[in-house]
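**Student:** I'd like to go over a predicted model; first the sequence, then the structure.
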Amino acid sequence: PTSKLPDIGSSIFSVMTGLANASQAINLSQGFPDFDCPEQLVQLAAKYMHEGFNQYAPMAGMPQLRHQISLKTGKLYGYQPDPETEITVTSGATEALHAAITAVVKPGDEVVVLEPCYDSYVPVIRLCGGVPVFVSLALPDFSVDWDQVKKRLSSRTRLIIINTPHNPTGAILTRQDMDILANLINSTDILVLSDEVYEHMVFDEQEHYSVLQHPGLRERSFVVSSFGKTYHTTGWKIGYAVAPAPLTAELRKMHQFITFSTATPLQLAIADFMDEEAHYLELPAFYQAKRDYFIAQLQASRFEFIPSAGTYFQLARYSNITAEHDLEFARRLTTETGVAAIPVSAFYHDKTDNKYLRFCFAKSEETLKAAGERLAKV
Ligand code: PMP
Ligand code: GLN
C-alpha cells in the first residue's frame with residue numbers, strides 16, 4: 001500500500017529522546033520539564049477520580065474549564081470568548097492544531113507556513129490535500145519578513161499559521177507584526193491559526209501579544225494553547241482552541257471524531273487550579289531564571305547564541321565547533337558528550353541546516369549545570 005505520508009518517519013522528538021535514553025545522556029532535546037507539576041494539581045486530579053468523575057466529558061470540554069478559560073482570556077487579553085460557542089477543550093494543543101487545519105483546509109488550498117516551524121503543522125496540511133507555502137524566517141533573529149509573506153499570498157491561500165512565542169527559535173511577534181498581518185489579509189478570506197502554547201513564557205519585560213487582543217485578527221483566527229506548558233503537565237495532554245462561533249462549529253466537527261472528548265478528571269483539576277493566578281503570573285520570571293542560568297553555563301562554551309525571548313528553548317549556533325550537519329552533530333553530542341539537543345533542520349521541510357541546535361531549559365539547575373559542564377568541553 002502506498003503511504004499517505006511517504007516522507008515522514010518518527011518525529012525528531014521521539015528520535016532524540018530515544019537516543020538520549022539509550023546513551024544515558026542529559027536530555028535537553030524534547031521539550032518537557034524534568035521537575036513535577038504543582039502538588040495541588042495532582043491532589044485535585046486524584047480527588048476527582050475518587051469522586052467518580054471518570055466518564056466521558058462533554059464533547060466541547062467540561063463547562064467549568066471553558067468558563068475559567070473564558071475569564072482568564074478576558075482578564076489577560078481583553079476579550080472574553082463565549083464558553084458555549086467559542087472555546088473547545090482538546091487532547092493537547094496537537095489535537096487542536098489538527099482539528100483546526102482539517103476543519104478548513106481543502107484539497108488544493110494553500111497554507112502559508114513560516115519556517116523553521118513546529119513539526120506537526122505540515123503533515124496535517126498534506127493529509128488534507130493542502131499545499132504548504134513556505135516562507136523562511138529571517139536570520140539571525142528569526143523575524144518575519146512580511147514582504148515575503150505578501151508575495152506568497154494568492155487567490156488559493158486559505159490559512160496562515162503563526163506561532164508566538166516561537167518553537168524552536170524563541171522569537172516573539174509584536175503588536176506591530178500583528179497589525180501588518182491584519183492589513184495583509186484584511187480584504188481577503190484568509191484565516192489565521194495562531195499557536196500560542198508558550199504564551200506565559202516571555203522574557204526581559206516583554207509581553208506576549210495574543211491574536212485574541214487584535215479585533216481584526218481575532219474574528220478570523222483559531223488561537224491554540226496548552227495546559228501542558230503552563231502547568232508543567234505535558235503528559236496530561238490538555239489544550240484548547242478559541243475561535244469565532246462559525247469556526248468553532250467546524251473545528252468541533254473534527255474534534256468529535258478525532259477523540260470526541262478529553263480526560264474528565266484532569267479537566268476538572270485544571271479548572272480549579274486556574275484560580276491560582278500566581279502560578280502563571282510567576283511563570284515568566286520562573287523560566288527567565290532558568291534561561292539565564294543555562295546561558296551562563298553556555299558562556300563557557302564555544303556555542304554562540306542570542307538569549308531566547310520566549311518559550312523554554314534556547315537556540316545555539318555551533319559553526320565555531322564543527323562543519324557537520326546538525327543532525328549528525330546532535331547525534332554525536334548525545335552519544336559522545338552526553339547532552340541531547342534538537343537539530344533545527346528538523347523544523348524545515350527541506351532540512352535546511354543553519355548550524356543551530358535547540359536546547360530545552362525547562363530543567364532543574366542541577367541538570368542545567370551538568371549539561372553546561374559537558375557543553376563547555378566541546
Ligand atoms: N505547538 C508547539 C509550538 C509546541 O511546542 C507544542 C509542544 N511541543 C505543541 C504545539 C503541542 O502541545 P501539546 O503537548 O499540548 O499537544
Ligand atoms: N513540543 C515539544 C517540543 O517541541 C515536544 C512535543 C512532542 O514530543 N511531540 O520539543
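**Tutor:** Cool, the structure landed. Ligands and ions are numbered 1, 2, ... in the order given.

**Student:** over to the residue sitting nearest the centre point of the chain. Which of the three states is it?
**Tutor:** Among the residues of the chain, the one closest to the centroid is residue 197, at 4.6 Å (C-alpha atoms, centre = their mean). What DSSP: H, G, I helix; E, B strand; the rest coil gives for residue 197 is coil.

**Student:** list the contacts of it.
**Tutor:** Counting by C-beta atoms under 8 Å, 6 or more residues apart in numbering, residue 197 makes contact with 93, 167, 224, 225, 226, 228, 229, 239. No exception for glycine: its C-beta is placed from N, CA and C like everyone else's.

**Student:** state the pair within those residues that is farthest apart.
**Tutor:** Distance extremes for these: the farthest pair is 167 and 239 at 14.1 Å, using C-beta to C-beta.

**Student:** now the closest residue to ligand 1 within the chain, nearest residue through space, not along the chain?
**Tutor:** Ranked by C-beta to the nearest ligand atom, the top residue of the chain for proximity to ligand 1 is residue 92, at 2.6 Å. Nearest non-adjacent residue to residue 92, counting by C-beta to C-beta, 6 or more residues apart in numbering: residue 237, 3.9 Å away.

**Student:** look up how far residue 32 lies from the one you found.
**Tutor:** According to C-beta to C-beta, to the nearest Å, residue 237 stands 12 Å off from residue 32.

**Student:** low-confidence ranges, the protein, go.
**Tutor:** Within the chain, not a single segment meets pLDDT under 70.

**Student:** residue ranges of the strands in it, please?
**Tutor:** 26-27, 87-90, 110-115, 131-136, 157-163, 191-195, 221-226, 239-242, 313-317, 339-340, 342-343, 356-360 (DSSP state E).

**Student:** contact partners for the nearest residue in space to residue 99 that is not next to it in sequence?
**Tutor:** Nearest residue to residue 99, sequence neighbours excluded (C-beta to C-beta, 6+ apart): residue 254, at 4.0 Å. Residue 254 makes contact with 98, 99, 100, 102, 103, according to C-beta under 8 Å, 6+ apart.

**Student:** tell me how far residue 254 lies from residue 92.
**Tutor:** Counting by C-beta to C-beta - residue 254 and residue 92 are separated by 14 Å.

**Student:** residue 230 too?
**Tutor:** Relative to residue 92, residue 230 is positioned 12 Å away (C-beta to C-beta).

**Student:** so for those two, which sits in the more crowded spot?
**Tutor:** A count of neighbours by other C-beta atoms under 10 Å puts residue 92 above the other of residue 230 and residue 92, at 23 against 20.

**Student:** that one against residue 240, yeah?
**Tutor:** No - using C-beta atoms under 8 Å, residue 92 is not in contact with residue 240, being 9.6 Å away.

**Student:** overlap of the contact sets of those two?
**Tutor:** In contact with both residue 92 and residue 240: residue 226, using C-beta under 8 Å, 6+ apart.

**Student:** straight-line length of stretch 168-179, end to end?
**Tutor:** 23 Å (C-alpha to C-alpha, to the nearest Å).
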